[in-house]
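A.B. asks: Provide a 3D model corresponding to the input given below.
(one chain, ligands or ions: 3)
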Amino acid sequence: MLGRYLKNVRETAPLIHNITNYVTVNDCANILLACGALPVMADDQAEAEAITAICGGLTINIGTLNSRTIVSMLLAGKKAAQLGHPIVLDPVGAGASPLRTHTADELISQLPLAAVRGNISEIKALSGSSSLTHGVDANASDKVTDDNLWQHFTFARKLAKAWNTVIAISGETDIVADENKAFAIKNGSALMSKITGSGCMLSALTTAYVTAAKKTETSMLEAVAAAFCTMGIAGENAADRMGSLDGSASFRNYLLDAVFNMTEEELDTKAKYELVSYTDD
Ligand SMILES: Nc1ncnc2c1ncn2[C@@H]1O[C@H](COP(=O)(O)OP(=O)(O)OP(=O)(O)O)[C@@H](O)[C@H]1O
Ligand SMILES: Cc1ncsc1CCO
Ligand SMILES: [Mg+2]
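C.D. replies: Ligands and ions are numbered 1, 2, ... in the order given. Take a look at the predicted model:
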């Protein structure tokens, strides 16, 4: 059922505006091309609104935010909102410094977001619960496990309702939730945490999928889950290709190749998830 969301991306080829960090910007542009979308990176306030206006969706990633780009994020976000374009926020490092946490809080309160995609420590920090974001990585003590899965479903669902968005938490087990339903996704490879940017790439991919979903009037929640399964299956396929002398650099390339070569059928058959619908409140 999720394969159609990849088809939607390839058929609509959405142009995605990314205000993102200078660590992984090239990977984000390439993963958008690999899935069938088109990237444009632009973060100067003099053109942020104009670029947003010619695109279909916007990614805001605060990985290397600064006082100039924060202004651009708000300008582009408000323009996207005015035009009805989906916006995905990646609150990189929220919890690691007051600037990151306050900026993410401001973006969440001022912009209508299609999804907030972060690791568990970033999302916890923004929810107000105690968390120790480990730089830009999740803290091991925040990990989602089979034993605490239901607590995290409830946590994500409440936050989705409060922020009126899809909450998309990555990790060994990913959680993608709106206020009515939640996916727990088990695709992926531990090698994904050995490269920088697998999360940033996932956020850019998510923007492509939600933008295509908006254009085709399909489900936002399922589009986010499809982006997560695409990334996870790509991680598995990339790990399967690793030779004895391959390391993290090859893995990064194989990951892009795997998204480029992903088929709708593969997404349908290899996606590993549990879908929960809430009946109470
Ligand atoms: N141990 C793991 N096993 C399987 N998949 C994983 C594992 N760790 C991360 N992933 C996958 O890697 C991708 C990125 O998730 P992660 O939580 O590492 O993002 P992140 O911390 O924001 O990364 P970054 O900030 O470095 O870009 C997701 O698709 C996630 O499912
Ligand atoms: C390492 C790093 N530092 C700021 S952004 C970034 C990329 C991963 O989020
Ligand atoms: Mg991240």
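A.B. asks: quick one: contacts for Ile185?
C.D. replies: Thr173, Asp174, Ile175, Val176, Ala225, Phe228, Cys229, Gly232, Ala271, Lys272, Tyr273 (CB atoms under 8 Å, 6 or more residues apart in numbering). Placement of C-beta: from N, CA and C, glycine included.
A.B. asks: would you mind checking these for buried ones?
C.D. replies: Among those, those classed as buried by 16 or more other CB atoms under 10 Å are Thr173, Asp174, Ile175, Val176, Ala225, Phe228, Cys229, Gly232, Ala271, Tyr273.
A.B. asks: the chain: helices as residue ranges?
C.D. replies: Secondary structure of the chain by DSSP state H: the helices cover 3-12, 25-35, 48-54, 67-83, 98-110, 120-127, 149-163, 198-216, 220-240, 248-261, 264-270.
A.B. asks: a markdown table for these, including mean pLDDT and distance to Met41?
C.D. replies: Formatted as a markdown table, the helices of the chain follow (pLDDT from 0 to 100; distance: least, CB to CB, whole Å):
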| stretch | mean pLDDT | distance to Met41 |
| --- | --- | --- |
| helix 3-12 | 98 | 19 |
| helix 25-35 | 99 | 6 |
| helix 48-54 | 98 | 9 |
| helix 67-83 | 98 | 11 |
| helix 98-110 | 98 | 18 |
| helix 120-127 | 96 | 22 |
| helix 149-163 | 96 | 26 |
| helix 198-216 | 99 | 10 |
| helix 220-240 | 99 | 19 |
| helix 248-261 | 98 | 17 |
| helix 264-270 | 98 | 27 |
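A.B. asks: from these, which stretch is densest packed?
C.D. replies: Comparing these by mean neighbour count (mean count of other CB atoms under 10 Å), helix 198-216 ranks first with a mean of 28.
A.B. asks: now it and helix 220-240, what's the angle there?
C.D. replies: Put simply, helix 198-216 runs at 140 degrees to helix 220-240, going by axes from the mean of the first three to the mean of the last three CA atoms, to 10 degrees.
A.B. asks: and this protein, which residues reach ligand 3?
C.D. replies: Proximity of the chain to ligand 3, by CB under 5 Å from the ion, involves residues Val92, Gly199.
A.B. asks: so which bits of the chain are right by ligand 1?
C.D. replies: Neighbours of ligand 1 within the chain, by CB under 6 Å from any ligand atom: 92, 119, 136-138, 170-172, 174, 188-190, 192-193, 196-200, 202, 231-232, 235.
A.B. asks: now do 8 Å
C.D. replies: With CB under 8 Å from any ligand atom as the criterion, the chain meets ligand 1 at residues 24, 63, 90, 92, 117-120, 122, 136-138, 169-174, 185, 187-190, 192-193, 195-203, 228, 231-232, 235.
A.B. asks: picking up where we left off before, and the buried ones among the contacts of Ile185, which is closest to Tyr254?
C.D. replies: Lowest distance from Tyr254 to the buried ones among the contacts of Ile185 (CB to CB) belongs to Gly232, with 14.1 Å.
A.B. asks: what about that closest one, distance to Arg241?
C.D. replies: Distance, Gly232 to Arg241, using CB to CB, to the nearest Å: 15 Å.
A.B. asks: between all of the buried ones among the contacts of Ile185, which two are at the greatest distance?
C.D. replies: Longest span within the buried ones among the contacts of Ile185, CB to CB: Ile175 and Ala271, 14.7 Å.
A.B. asks: residue contacts, Ala238?
C.D. replies: Here Ala238 is in contact with Ser189, Leu191, Phe251, Tyr254, Leu255, Asp257, Ala258 (criterion: CB under 8 Å, 6+ apart).
A.B. asks: export these as CSV, with columns for distance to Pro98.
C.D. replies: Below are those laid out as CSV (distance: CB to CB, whole Å):
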residue, distance to Pro98
Ser189, 34
Leu191, 33
Phe251, 34
Tyr254, 38
Leu255, 33
Asp257, 40
Ala258, 38
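A.B. asks: of those residues, which is the nearest to ligand 1?
C.D. replies: Ligand 1 lies nearest to Ser189 out of these, by CB to the nearest ligand atom, at 5.3 Å.
A.B. asks: residue contacts, the closest one?
C.D. replies: Contacts were defined as CB under 8 Å, 6+ apart; by that measure Ser189 touches Gly235, Glu236, Ala238, Ala239.
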